[in-house]
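Colleague: What follows is a predicted protein model with its sequence.
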Amino acid sequence: MRFGCEQCGAEAPKWVGRCAECGEWGTVVEVPAELLEAATIRPAGLVELERRGASHSPGNQAATPTPLAEVEPVAASRRSTGVGELDRVLSGGLVPGSVTLLGGEPGVGKSTLLLQALVAMAKAGARVLLVAAEESAAQVRLRAERLGDLPESLLVLSETSMPYVLAHAAQVAPDVLVVDSIQTVHDPDAPGVPGSVTQVRDSTHALVRFAKDQGTAVLLVGHVTKDGTIAGPRVLEHVVDTVLHFEGERNGALRLLRALKHRFGRTDEIGLFEMTASGLGEVEDASAMLLADRLPGACGSVVVPMLEGSRPLLVEVQALVAVTNAPVPRRQAQAFDNGRLAMLTAVLGKRGGVPVGMLDLYASVVGGVRLADTGADLGVILATASSLYDRPFSSSWVALGEVGLGGEVRAVPRVAQRLAEAARIGFAGAIVPQSTPAVDGIDLVRVVDVQEALDAARLSELDRCYGKSEPGLQLV
């Protein structure tokens, strides 16, 4: 017997509590030497499935090298899911033979999204099979009541045994197979309990082999851990072709779908949904929805045109500066990078002369959108100065630009598309970098650095009325 890590496959000379390669605890197990090949563990459950022929690919022995130029692409054969926002994230739809993993917090709407897609594809003529490993068929039928008429080609199977799932799938030969969820199906002949690292990995390998052999598009629902990552072995995300993450506040209406990995398209697109009484509805005008509850004239609020994939969005960035008695002031960001907030605060103090060094600073992106676009730097700086001086930034203007350590305001990609979206919503002007070209329908104030931006926004000098909101505050 030898020892190896179930998480990364690294071999160990003896049993240890923590793997030296991946750092995971409790993943080193005793494995028969014949199952350990090339320093990578071959799961016992997968070996058993191969012995029974469940994951054997008949075309492997006859495969020969083929010129890549002669291989017929599969892009033209993408199958639309019938859900526009899901198709956007998938770059057009599902590729036959692909395996997609969908993760997200409990209750965010993963099962509802896939059920809506299955209904739409079945109505379009596809043969689809839903393996409900967490619910009975009657419970699935109850959830589907709000989706309208159900087509005959939508089949449901309440089963948790992986050999039976594969057997039924081979018999039905569906165009699309959904397993909800991968953590609840298991092979009774393989070691481990349902949801364990070995069971999840073996089940995924078996489904991947089935998808490649039969040309079936497979979608797997995955649970997430406390830190938001998909539960199970890390190799799970490497095995599948696409990893999607569905996120949003459980008590809120907005839902965002992102592609963390996609072998058949781009990963910077997002899909926007709204939870309604009849299921998940697609958001047609995302910018208007995100700004619907904005309070014009509020101090510490600036609208920023951001870019998610090919889609421009207008989001509201808020900042709050407060007095602190702590020796070290706080820098806390929500839906925004904490490290970048600390850097922008230092630039604002050093290059803009705004004294925020010994004050608490909180920054937030409203609406549930996570802001990773550096084009929001200028908006964060102006929102911070607006909160500090208790002077509102113009509610009919937006701010756009990346800020460097020298205080310079730099250009961002596709600025014309961003500003055109701002003009469509009704904004009159924008503070932008010096190199920004003119855009129809919106006035531009071009600035070179942070100091010029503060001057243009009239946020560069102390407002004597600030004491009304923070009595006794002394700025040095």
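Modeller: Yep, that arrived. Residues are numbered from 1 along each chain as shown.
Colleague: Buried ones in the helix or strand containing residue 273, by neighbour count?
Modeller: Using DSSP states H and E, residue 273 falls within strand 270-276. Taking 16 or more other Cβ atoms under 10 Å as the neighbour-count basis, strand 270-276 is seen to contain the buried residues 270-275. In this view, the C-beta of every residue, glycine as well, is placed from N, C-alpha and C.
Colleague: Closest to residue 145 out of those residues?
Modeller: For the buried residues of strand 270-276, the minimum distance to residue 145 (Cβ to Cβ) is 16.3 Å, reached by residue 275.
Colleague: So what's the gap between the strand holding residue 273 and the chain middle?
Modeller: Once both centres are worked out by Cα atoms, centre = their mean, to the nearest Å, strand 270-276 turns out to sit 13 Å from its chain's centre.
Colleague: likewise stretch 273-286?
Modeller: The mean C-alpha position of stretch 273-286 is separated from the chain mean by 17 Å, Cα atoms, centre = their mean.
Colleague: What of stretch 288-298?
Modeller: Stretch 288-298 has its average C-alpha position 24 Å from the chain's average C-alpha position, going by Cα atoms, centre = their mean.
Colleague: Could you do stretch 241-248 as well?
Modeller: Here stretch 241-248 is found 5 Å from its chain centre; the criterion is Cα atoms, centre = their mean.
Colleague: Nearest the middle, which residue of this protein would you pick?
Modeller: Residue closest to the average C-alpha location in the chain (Cα atoms, centre = their mean): residue 258, at 3.4 Å.
Colleague: That residue - nearest residue in space that isn't next to it in sequence?
Modeller: residue 245 (5.0 Å; Cβ to Cβ, 6 or more residues apart in numbering).
Colleague: ok, now residue 440?
Modeller: Beyond its immediate neighbours in the sequence, the residue positioned closest to residue 440 (Cβ to Cβ, 6+ apart) is residue 423, lying 7.2 Å away.
Colleague: does that neighbour sit in a helix, a strand or a coil?
Modeller: helix (DSSP: H, G, I helix; E, B strand; the rest coil).
Colleague: Which pLDDT value belongs to it?
Modeller: What the model reports for residue 423 is a pLDDT of 95.
Colleague: Also residue 196?
Modeller: Here the pLDDT value assigned to residue 196 is 80.
Colleague: and the end-to-end length of stretch 174-185?
Modeller: Stretch 174-185 has its terminal residues 19 Å apart, counting by Cα to Cα, to the nearest Å.
Colleague: Report the distance from that stretch to the chain centre.
Modeller: Taking Cα atoms, centre = their mean, one finds the center of stretch 174-185 at 21 Å from the center of the full chain.
Colleague: just stretch 92-103 next, same as before
Modeller: On Cα atoms, centre = their mean, the centre of stretch 92-103 falls 15 Å from the chain's centre.
Colleague: Which member of the buried residues of strand 270-276 is positioned nearest residue 71?
Modeller: Closest to residue 71, out of all of the buried residues of strand 270-276 and judged by Cβ to Cβ, is residue 271, at 30.0 Å.
Colleague: which residue sits closest to residue 114, ignoring its sequence neighbours?
Modeller: Counting by Cβ to Cβ, 6+ apart, residue 114 lies nearest to residue 178, which is 5.3 Å off, once chain neighbours are set aside.
Colleague: Remind me what the one helix or strand that neighbour maps to packs against, helices and strands.
Modeller: Using DSSP H and E, the element containing residue 178 is strand 176-180. Packed against strand 176-180 by the contact rule (3 or more Cβ pairs under 8 Å, 6 or more residues apart in numbering; DSSP states H and E) you find helix 110-123, strand 128-132, helix 197-214, strand 217-222.
Colleague: so which of the ones you listed comes closest to residue 378?
Modeller: Using Cβ to Cβ as the measure, helix 110-123 is the one of those that comes nearest residue 378, at 35.3 Å.
Colleague: Can you list the neighbours in contact with that closest one?
Modeller: Contacts made with helix 110-123 from outside it, assessed by Cβ atoms under 8 Å, 6 or more residues apart in numbering, are listed as 79-83, 86, 102-104, 128, 130, 140, 143-144, 147-148, 150-151, 153-154, 175-176, 178, 180, 219, 221, 246, 257, 273, 279-280.
Colleague: out of those, which are buried?
Modeller: Buried residues within these, counting neighbours by 16+ other Cβ under 10 Å: 79-83, 86, 102-104, 128, 130, 140, 144, 150-151, 153-154, 175-176, 178, 180, 219, 221, 246, 257, 273, 279-280.
Colleague: In this structure residue 427 contacts residue 398, no?
Modeller: Yes - between residue 427 and residue 398 a contact is recorded at 5.3 Å, counting by Cβ atoms under 8 Å.
Colleague: Report the set of residues contacting both of those two.
Modeller: Taking Cβ under 8 Å, 6+ apart as the criterion, residue 427 and residue 398 both touch 303, 314.
Colleague: Among those two, which residue is more densely surrounded?
Modeller: Set side by side, residue 427 and residue 398 show unequal neighbour counts under other Cβ atoms under 10 Å, the larger going to residue 398 at 26 against 22.
Colleague: Contacts for the strand holding residue 178, please.
Modeller: The list of residues contacting strand 176-180 from outside it, by Cβ under 8 Å, 6+ apart, reads 79, 94, 110-111, 114, 118, 121, 126-135, 165, 169, 185, 207, 210-211, 216-221.
Colleague: just the buried members of the residues you listed?
Modeller: Under a neighbour-count criterion of 16+ other Cβ under 10 Å, the subset of the contacts of strand 176-180 counted as buried comprises 79, 94, 110-111, 114, 118, 121, 126-135, 165, 169, 185, 207, 210-211, 216-221.
Colleague: Give me the pLDDT value at the closest residue in space to residue 410 that isn't next to it in sequence.
Modeller: The shortest distance from residue 410 to any residue other than its chain neighbours is 4.3 Å, reached at residue 402 (Cβ to Cβ, 6+ apart). Here the pLDDT value assigned to residue 402 is 97.
Colleague: same thing with the one 3 residues further on?
Modeller: In this model, residue 405 is scored at 95, pLDDT.
Colleague: That one and residue 347 touch, don't they?
Modeller: Yes - taking Cβ under 8 Å as the definition, residue 405 is a contact partner of residue 347 at 6.3 Å.
Colleague: Fine by me, thanks again.
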